[in-house]
Structures are given as C-alpha cells and as structure tokens.
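J.: 3D model of this:
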Amino acid sequence: MEELSIFVDESGDFGDYAEHSSYYIISLIMHNQKNNIDNDIDKLERRLSEIGYPNHCLHAGPIIRNENPYIKESLESRQKLLKAFISFIRKINIQL
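T.: Take a look at the predicted model:
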C-alpha cells in the first residue's frame, strides 16, 4: 500500500481588507512516501547547523521580510538560509 503525505500551509490575513494583504493563499504539498527524501533532508539539516541554525524550521516569508525571529540577523545570514532551502528544493524530485 502506498502512502501519501499531505502538508498544508496558509498565508494571508482574514482581517479587514488592506491593500498590502489582499490575498489569502493555501498551499498543498503532496509527497509519495515511496520517494525517499531522507538523505536530502539530512543534508539540509546539516547545512542549517553549519550556518548556525541547528534544529531549525525555515519560514521563507519572515526571512525575506526581515521579521521575527530573523529581525536581528544580517542580510548575509538570511541569504544563507534561503540558499540552503533553494538548494534543497532543486535537488528533490518535484512535479507540478
């Protein structure tokens, strides 16, 4: 029996309309568990540890917008985080 994992993420604001947040987005990622990405995840976690973020969960929006918990981080540090994440995404088999 195959197993499919589904990850759901949302972004936006249900509050009063504001031009800067006029959209509410829901993203789905479906991962067929027969496609093992454990080695790729291990490489990402090692890279995050190397650049000072062991056991860290990445949140691209706050990294890009320089928000908490990254507000005190340098641009260079935030770029390293994004590059690590982009490298991970490029190496795994993604189908649209």
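J.: how about the host helix or strand of Ile64: buried residues?
T.: According to DSSP states H and E, Ile64 maps onto helix 60-65. By 16 or more other CB atoms under 10 Å, the buried positions in helix 60-65 come out as Ile63. C-beta: built from backbone N, CA, C; applies to glycine.
J.: give me the contact list for the helix or strand just after it.
T.: Later in the chain than helix 60-65, the nearest helix or strand by DSSP H and E is helix 75-91. Helix 75-91 is contacted by residues 40-41, 43-44, 47-48, 51-53, 58, 60, 63-64, 66, 70 when judged by CB atoms under 8 Å, 6 or more residues apart in numbering.
J.: repeat that for stretch 43-63.
T.: By CB under 8 Å, 6+ apart, stretch 43-63 touches 11, 67-70, 77-78, 80-82, 84-85, 87-88, 91.
J.: picking up where we left off before, how about the contacts of helix 75-91, which pair is most distant?
T.: Distance extremes for those: the farthest pair is Asp40 and Asn66 at 27.5 Å, using CB to CB.
J.: before I go, just wanted to say thanks for your time.
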